[in-house]
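Student: model the structure of this input:
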Amino acid sequence: MTTIIDGKQLAKEVNAQTKDRVAALTQRGITPGLAVIIVGDDLASAIYVRNKHKKATQLGINSIVRQLPATVSQAELVAIVQAYNADPAIHGILVQSPLPVGLDEQAIVATIDPAKDVDGFHPLNVGRLFANLPGKYPVSCTPRGIMTMLDSLNLHLRGKRAVVVGRSRIVGRPMAAMLINADMTVSVAHVYTKDLSELTREADVLVVATGVTHLIKRNDVKPGAIVIDVGMDRDENGKLTGDVDFDGVFDRAGAITPVPGGVGPMTIATLMQQTVDLCEWSEQLGND
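Tutor: Next comes the predicted model:
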């Protein structure tokens with residue numbers, strides 16, 4: 001029988017734990033602070049930032065949203081990030097992607113203090129993840145949320161086969177690193193991969209993050225596989241759907257995430273969780 005991995009319910013559980021941690025910090029006179037910088041008027045980004053702000057406020061996190069015009073200069077944006085770097089009340093900094101044309105997004109991300117890099121995109125933190133270094137550092141939120149989902153299934157991942165379809169810096173690449181760090185044998189597929197279906201049918205865990213509606217169909221999935229759909233697409237009727245043909249794959253998979261209600265809620269819950277991590281780590285270093 002196929003298990004539907006309920007991202008909404010799991011996110012509620014993670015958020016409840018985060019709220020308790022925030023309360024414990026507040027009792028010690030510390031409030032976790034999250035600064036989100038959004039540039040321009042991208043509608044999808046505005047909705048996402050609004051959802052982040054709402055959730056942070058509900059959990060007791062001090063959430064600051066800095067809205068900037070698309071005309072802001074690289075130097076002005078760098079100066080704003082550096083000001084938040086220097087502000088002890090801010091523990092996490094996030095620059096919402098995508099940035100308008102003319103701004104160097106990678107340079108902006110590299111400006112963020114690695115200890116406040118709540119998205120886990122700073123090159124130093126990316127390097128730590130890929131090297132599987134010990135210690136406390138932030139990692140990309142969507143893959144971390146997916147690892148929480150896999151943990152909830154009480155799976156034994158070591159030695160199993162994973163395939164990640166998609167190689168973005170935000171999901172695919174860090175996802176592959178986390179699965180490798182979990183001692184899985186990992187393949188990463190992308191637009192130039194030949195015989196994709198042959199590869200995906202080998203996966204015990206299949207993570208799909210391409211933005212291509214229903215790319216993965218029933219015959220692309222190994223019977224009993226765990227299927228994680230990161231896609232947030234629109235079908236021909238405008239309905240929100242994923243990169244996986246859920247209805248077609250459902251009874252073939254051992255477990256599968258729905259869209260919506262799967263990975264999405266876990267990404268925001270993990271962002272909040274990681275904001276509190278950064279606050280706690282800062283306190284341990286004596287920075288609060």
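Student: quick one: low-confidence ranges for the chain?
Tutor: Flagging of the chain using pLDDT under 70 yields the residue ranges 286-288.
Student: where do the domain boundaries of it fall?
Tutor: Domain ranges of the chain: 29-113, 141-264, per automatic domain parsing.
Student: what's the first-to-last distance across the longest one?
Tutor: Counting by CA to CA, to the nearest Å, the length from the leading to the trailing residue of domain 141-264 is 10 Å.
Student: repeat that for the first one.
Tutor: Length of domain 29-113, first residue to last, CA to CA: 23 Å.
Student: quick one, helices of the protein?
Tutor: For the chain, the helices defined by DSSP state H occupy 7-27, 43-59, 74-86, 105-111, 123-131, 141-152, 172-181, 196-200, 246-249, 263-284.
Student: re the thing from before, out of the domains of the chain, which is closest to Val14?
Tutor: Nearest of these to Val14, taken as CB to CB: domain 141-264 at 6.7 Å. Where C-beta positions appear, they are placed from N, C-alpha and C, glycine not excepted.
Student: redo the helices of the chain as JSON lines? Include mean neighbour count and distance to Gly224.
Tutor: Putting the helices of the chain into JSON lines (neighbours: other CB atoms under 10 Å; distance: least, CB to CB, whole Å) gives the following:
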{"stretch": "helix 7-27", "mean neighbour count": "16", "distance to Gly224": "21"}
{"stretch": "helix 43-59", "mean neighbour count": "16", "distance to Gly224": "34"}
{"stretch": "helix 74-86", "mean neighbour count": "15", "distance to Gly224": "46"}
{"stretch": "helix 105-111", "mean neighbour count": "16", "distance to Gly224": "39"}
{"stretch": "helix 123-131", "mean neighbour count": "16", "distance to Gly224": "29"}
{"stretch": "helix 141-152", "mean neighbour count": "23", "distance to Gly224": "15"}
{"stretch": "helix 172-181", "mean neighbour count": "22", "distance to Gly224": "18"}
{"stretch": "helix 196-200", "mean neighbour count": "16", "distance to Gly224": "14"}
{"stretch": "helix 246-249", "mean neighbour count": "17", "distance to Gly224": "12"}
{"stretch": "helix 263-284", "mean neighbour count": "23", "distance to Gly224": "20"}
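Student: TSV for the ones you listed, including distance to Val65?
Tutor: Shown next, in TSV, are the helices of the chain (distance: least, CB to CB, whole Å):
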stretch	distance to Val65
helix 7-27	18
helix 43-59	5
helix 74-86	12
helix 105-111	17
helix 123-131	23
helix 141-152	17
helix 172-181	25
helix 196-200	39
helix 246-249	33
helix 263-284	14
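Student: tell me which of those lies nearest to Gly166.
Tutor: Across those, Gly166 has its closest neighbour in helix 172-181 (4.0 Å, CB to CB).
Student: between helix 141-152 and that closest one, find me the angle.
Tutor: In terms of direction (axes from the mean of the first three to the mean of the last three CA atoms, to 10 degrees), helix 172-181 departs from helix 141-152 by 30 degrees.
Student: so for Ala162, which of the helices of the chain sits nearest?
Tutor: Evaluated over the helices of the chain, closeness to Ala162 peaks at helix 172-181, with 4.5 Å, by CB to CB.
Student: which strands and helices sit next to that closest one?
Tutor: Using 3 or more CB pairs under 8 Å, 6 or more residues apart in numbering; DSSP states H and E, the elements in contact with helix 172-181 are helix 123-131, helix 141-152, strand 161-165, strand 185-189, strand 205-208.
Student: so what's the gap between the last one and the chain middle?
Tutor: I take that to be strand 205-208. Distance, stretch centre to chain centre, for strand 205-208: 15 Å (CA atoms, centre = their mean, to the nearest Å).
Student: contact partners of that strand?
Tutor: 146, 150, 155, 157, 160-166, 171-172, 175, 179, 184, 200, 215-216, 221-222, 225-231, 242-244 (CB atoms under 8 Å, 6 or more residues apart in numbering).
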